[in-house]
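Chemist: just coords:
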C-alpha cells in the first residue's frame, strides 16, 4: 500500500502529542526497561523502532531518516526526513501506512519543519513544536551507539557520528531552557 500524503496525518500526529507527556526513546547502547514505557506518548527515534518491535511494543510515532529503520508497524505515524543522503532508502516509505514528511531546511509545499540536527533532537523538537506537556529523553547517549542506531554498520562509531551526537546534545540542552 502506498503511503498517503502528509496532510492526511498531520492532525493525527498533533493529537498524539499535544498536551501529552512524551517519552523520546533513542537507539542507544543501552535500551530502557519496558516497564518505563507504560504511559505517555512514545516516540521511537529511527532504529529504536526495531527494538520496540523485538519487545512486542508499538510506539505512537517514529522519527526517522531511514538509515536505522528495518521494521514497519501499522500503528505509528512515521515522520520521515527527506534529504540528499537518503534518496536510495525512500523505497522504505512504501511499507509505512501513515507518513508525514519533514525537512531540515525551510519547507516548501507539504513538508513539515521542526528543527533539529539528528533524528533524536528532531524528535524532541517535534514534540515541543506540537505542544507536548512534557518531554522525557529515554537513554540518550553521546558516548556510543547501539545495534539499533545503525544496524548494518554496528558497532562503527566514526568521528563524524561523535560530532553529530555532540551537536545533538547541544541542541537538546538549548531546547531544555
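Modeler: Okay, I see it. Just so it is clear, the model here is predicted, and its values are computed rather than measured.

Chemist: Where in the protein is the helix or strand with the lowest mean pLDDT?
Modeler: helix 159-175 (a mean of 69; mean pLDDT, DSSP states H and E).

Chemist: Mind listing residues that contact stretch 28-40?
Modeler: 20-23, 25, 48, 51, 55, 57, 136, 138-141, 143-146, 148-149 (Cβ atoms under 8 Å, 6 or more residues apart in numbering). Yep, even glycine has a C-beta here, placed from its N, CA and C like the rest.

Chemist: among these, which are in helices?
Modeler: 48, 51 (DSSP state H).

Chemist: Could you give me the ChimeraX syntax to select whichever of the contacts of stretch 28-40 are buried?
Modeler: In ChimeraX, this line selects whichever of these come out buried by 16 or more other Cβ atoms under 10 Å:
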select :20,22,23,25,48,51,57,138,139,140,141,145,146,148,149
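
Chemist: could you say which helix or strand contains residue 42?
Modeler: strand 41-45 (DSSP states H and E).

Chemist: That strand: partners in the sheet, and parallel or antiparallel?
Modeler: strand 21-25 (parallel), strand 61-64 (parallel) (DSSP bridges).

Chemist: roughly how far is the first one from the heart of the chain?
Modeler: I take that to be strand 21-25. 11 Å (Cα atoms, centre = their mean, to the nearest Å).

Chemist: now swap in the last one and tell me
Modeler: Mean C-alpha position of strand 61-64 versus that of the full chain (Cα atoms, centre = their mean) differs by 3 Å.

Chemist: residues making contact with that strand?
Modeler: Strand 61-64 is contacted by residues 13, 16-17, 41-46, 49, 69, 76-81, 119-120, 122-123, 126 when judged by Cβ under 8 Å, 6+ apart.

Chemist: any idea which helix or strand comes after that strand?
Modeler: Defined by DSSP H and E, the subsequent element after strand 61-64 is strand 77-81.

Chemist: what helices or strands is that next one leaning on?
Modeler: Contact analysis of strand 77-81 by 3 or more Cβ pairs under 8 Å, 6 or more residues apart in numbering; DSSP states H and E lists helix 10-17, strand 61-64, strand 99-103, helix 119-129 as its packing neighbours.

Chemist: please redo it, this time with the cut-off set to 10 Å
Modeler: helix 10-17, strand 41-45, strand 61-64, strand 99-103, strand 112-113, helix 119-129 (3 or more Cβ pairs under 10 Å, 6 or more residues apart in numbering; DSSP states H and E).

Chemist: what residue ranges in the protein score low on pLDDT?
Modeler: 1-8, 84, 104-111, 142-146, 150-158, 160-162, 165, 167-168, 170-172, 174-177 (pLDDT under 70).
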